[in-house]
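Asker: sequence-free structure coming up:
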């Protein structure tokens, strides 16, 4: 019978073990070995202490502390939610975490905006390069459509270049001949003028003497 009772108590304790309550805003409550004030005080539990519920018996509750100490406390001093002080601390911690998360999100957003600008710039450059490549491809396609005409035009251009080169060579040759002829003409003209001057120098005194002799006769 005792074993059955113990098993039932263990089962009951197991069903209530998941519930946690807290010492309310009362400054301190006493954890005792029994339900009366005559029982030994195991520990003074300050406000906000979390306790695991093991058994409830009217005005008293059998609890366990976080370090495993078990005993009885008055049920009226227990609350299912943390006290205002602890709630405030937890709220401040949550606010701090949220602020840190907000800063991290803002930083990530700034990085994403910067990356977006970089990607957009790269996309613009890629669009320009793509347009250039498309133009070059279209040009190559047009050239590939007329390989025979392109070859003929190339041969015609070479022939024209050769003709022009022959004409240039002929012009250079004619220019040299013209320069030689001009120099020769100038030489002949100069020689004629010189010879004329010499002959004039020889005959002019003779004419003067002949004129004078005719005057005396």
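Answerer: Yep, that arrived. Note that the structure is predicted; figures quoted are calculated from it, not measured.
Asker: Tally up the residues packed near residue 161, please.
Answerer: For residue 161, the count of nearby residues is 10 (other CB atoms under 10 Å). (Glycine included, C-beta is placed from N, CA and C.)
Asker: next one: residue 64
Answerer: Residue 64 has 16 neighbouring residues, counting by other CB under 10 Å.
Asker: so it touches residue 52, yeah?
Answerer: Yes: contact criterion CB atoms under 8 Å: residue 64 and residue 52 qualify, at 4.5 Å.
Asker: Please look at residue 80 and residue 51 and confirm they touch.
Answerer: No: in this structure, residue 80 is not within contact of residue 51 by CB under 8 Å, at 11.2 Å.
Asker: Now for the two: what residues contact both?
Answerer: 21, 22 (CB atoms under 8 Å, 6 or more residues apart in numbering).
Asker: So for those two, which sits in the more crowded spot?
Answerer: Neighbours were tallied for residue 80 and for residue 51 using other CB under 10 Å; the higher tally belongs to residue 51 (24 against 9).
Asker: and the lengthiest strand in the chain, which residues are buried?
Answerer: Assignment by DSSP state E gives strand 50-57 as the longest strand of the chain. Within strand 50-57, the residues that count as buried by 16 or more other CB atoms under 10 Å are 51, 52, 53, 54, 56.
Asker: Quick one: mean pLDDT for the following helix or strand past it?
Answerer: Following strand 50-57 in sequence order, the next helix or strand is strand 60-64 (DSSP states H and E). The average pLDDT for strand 60-64 rounds to 95.
Asker: so what strands line up beside strand 60-64?
Answerer: strand 50-57 (antiparallel), strand 70-74 (antiparallel) (DSSP bridges).
Asker: Switch those over to a markdown table; also include mean pLDDT and distance to residue 178.
Answerer: A markdown table is the format used below for the strands paired with strand 60-64 (pLDDT from 0 to 100; distance: least, CB to CB, whole Å):
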| stretch | mean pLDDT | distance to residue 178 |
| --- | --- | --- |
| strand 50-57 | 92 | 122 |
| strand 70-74 | 94 | 133 |
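Asker: Dump the ones you listed into CSV; add distance to residue 121 as well.
Answerer: Shown next, in CSV, are the strands paired with strand 60-64 (distance: least, CB to CB, whole Å):
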stretch, distance to residue 121
strand 50-57, 56
strand 70-74, 68
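Asker: Could you work out which of those strands reaches nearest to residue 156?
Answerer: strand 50-57 (100.9 Å; CB to CB).
Asker: wouldn't residue 29 be in contact with residue 77 here?
Answerer: Yes: the pair residue 29 and residue 77 qualifies as a contact (CB under 8 Å) at a distance of 4.6 Å.
Asker: What count of nearby residues applies to residue 43?
Answerer: Residue 43: 15 neighbours (other CB under 10 Å).
Asker: correction: residue 121
Answerer: 10.
Asker: State the pLDDT value of it.
Answerer: What the model reports for residue 121 is a pLDDT of 85.
Asker: And it, its phi and psi?
Answerer: phi -60, psi -40 (degrees, to the nearest 10).
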